[in-house]
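> predicted structure and sequence below. I'll ask about it afterward.
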Amino acid sequence: MYSVVEFSEDDSVAIVRSSWISPTKKHSAWPPFKNSEKIKKCLTGTILDDDTWNVFGIRRIFYVTDDLLSARKKCKEAELNSEVELDIELKRKHKKTTRYLSVSSEEEDDGHGMNFPKPPKEPGRKQIAEETEAEMDNTGVLVRQTSDISTSSVVASNAVIARHLAKLEEGIKELQLNQKEILERLRSGATATAVAVGYQALSLPEGVNLPCTQIEEIKKIDVWLTVDENYMLLVNHLSYVGGNKTSAILRRILEKLFSNKLAEICNWSGKNGKHKLQDHLLIKVVTEALRRHKVAETATENEIKTVVSNWFRFSKDRDGGRESRRRTIEPTSIQQ
């Protein structure tokens, strides 16, 4: 719906969307653009109004219609004759207009476009307060109280209010989700603390020495892990390893369990004559301790297997292994 209005500040006439006009019919929002293409998009609804737009006082409404072309014609008539009476015309809109609008008299007019006047000066607080004085009905009951409204916070239409309410509702939902997550973390933290106290998770008993340096030590720990309390004790102990990514946490857990020399003779599947780790209880402990972390609780078996396999595969590159091989290769290359 479009309205042809006369601004009270400078007597200029322009087309506005009816949704820009305030419920009192005394103010209208106006887009803060100088580009004619953007103003056209505002009129056709491609760019929606919001509370950042300026609001200006209007003296009267000449014409109301749901057809933009009709509004253009009436706007031209109103510019030539200020005595045009209020007229309301409603038609079924079949197709949106695609003609361009101009905002300067210097631009070409194709016969269908119109020249938009410059928006009037922003009204001051006093003017708005006077125009929104309390209105009384026939019985003398106060209908609306006087409001001293700042131009930067004037709500141009009910649509703007609805958008603000929607944003508030969205913010409330987000706060509720954050509070729920905080409560879950507090509960999980309390549970972890209780388990840690019950099983003395921060320390291991004498006789359990980590990291393992020999295959026999892995087998002894596997036997020790067959007792449920021992199993949970090691899980809790390893769950305190820090990290912000699944792969980083997993590598740090493996470093606590296996020395680098032992890692060189082990792998996941036992290929190439190396010791097979896949079926050890110690690997199951690694998986469970990893999933105690929030960032790794959804880690898949395949992801865990990939990181573990690579950690053992590249064990020769750690502890200076890669640099040592480089130094061995360089003299050979020089002699050649």
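Perfect, I can see it now. Numbering: from 1, shown residues only.

> show the contacting residues for the spatially closest residue to Arg313 that is not a sequence neighbour.
Computed as CB to CB, 6 or more residues apart in numbering, the closest residue to Arg313 that is not its neighbour in sequence is Asn267, at 6.8 Å. Backbone N, C-alpha and C define where each C-beta goes, glycine included. Contacts for Asn267 (CB atoms under 8 Å, 6 or more residues apart in numbering) come out as 274-277, 309, 312-313.

> for Asn267, phi and psi?
Here is the backbone geometry of Asn267 (degrees, to the nearest 10): phi -160, psi 180.

> and the gap between it and Asp279?
13 Å (CB to CB, to the nearest Å).

> same deal with Ile253?
Taken as CB to CB, the span from Ile253 to Asp279 is 18 Å.

> and if you look at Thr226?
Going from Thr226 to Asp279 by CB to CB gives 14 Å.

> again, but for Arg292
Arg292 is 22 Å from Asp279, where distance means CB to CB.

> so those two - more neighbours on which side?
The neighbour count for Arg292 versus Asp279, taken as other CB atoms under 10 Å, is higher for Arg292 (18 against 9).

> double-check that the more buried one belongs to a strand.
No. Using DSSP: H, G, I helix; E, B strand; the rest coil, the assignment for Arg292 is coil, not a strand.

> name the nearest residue to it, sequence neighbours excluded.
Leaving out its chain neighbours, the residue that sits closest to Arg292 by CB to CB, 6+ apart is Ser239, at 3.9 Å.

> what about the one you found, neighbour count?
20.

> my read is that it contacts Lys294, right?
No. The pair Ser239 / Lys294 is not scored as a contact, 11.3 Å apart, by CB atoms under 8 Å.

> what sits against Leu254?
Taking CB under 8 Å, 6+ apart, we find Leu254 in contact with 263, 286, 308, 311.

> out of those residues, flag the one nearest to Thr298.
The closest of the contacts of Leu254 to Thr298 turns out to be Val286 (CB to CB; 16.4 Å).

> ok, and the closest non-adjacent residue to the closest one?
Ile253 (5.5 Å).

> where in the stretch 101-250 of the chain is pLDDT low?
With pLDDT under 70 as the threshold, the stretch 101-250 of the chain has low-confidence stretches at 101-157, 189-202.

> hey, where'd the strands end up in it?
135-136, 142-144 (DSSP state E, counting those that start in this stretch).

> which ones among the contacts of Leu254 are found in helices?
Taking DSSP state H as the definition of helices, these contribute 263, 286, 308, 311.

> now the third one: how far from Ala299?
As judged by CB to CB, Val308 and Ala299 stand 11 Å apart.

> ok, the two, which is more surrounded?
Using other CB under 10 Å as the criterion, Val308 and Ala299 rank with Val308 on top: 22 against 18.

> what number of residues lie near the residue nearest to that one when sequence neighbours are not counted?
Distances taken as CB to CB, 6+ apart put Trp268 closest to Val308, at 5.9 Å, once the chain neighbours are dropped. Neighbourhood size, Trp268 [other CB under 10 Å]: 18.

> got the phi and psi for Trp268?
Backbone torsions of Trp268, given as degrees, to the nearest 10, read phi -70, psi -50.

> let me know the secondary structure of the residue nearest to Val286.
Of the three states, Ile253 takes helix under three-state DSSP.

> in stretch 21-30, which residues are buried?
For stretch 21-30, the neighbour count (16 or more other CB atoms under 10 Å) marks 21-22, 27-30 as buried.

> could you check how far His27 is from Tyr2?
Distance, His27 to Tyr2, by CB to CB: 17 Å.

> so is Arg60 in a helix, a strand, or just coil?
Quick answer, by three-state DSSP: Arg60 is strand.

> so what pLDDT did it get?
Predicted confidence (pLDDT) for Arg60: 86.
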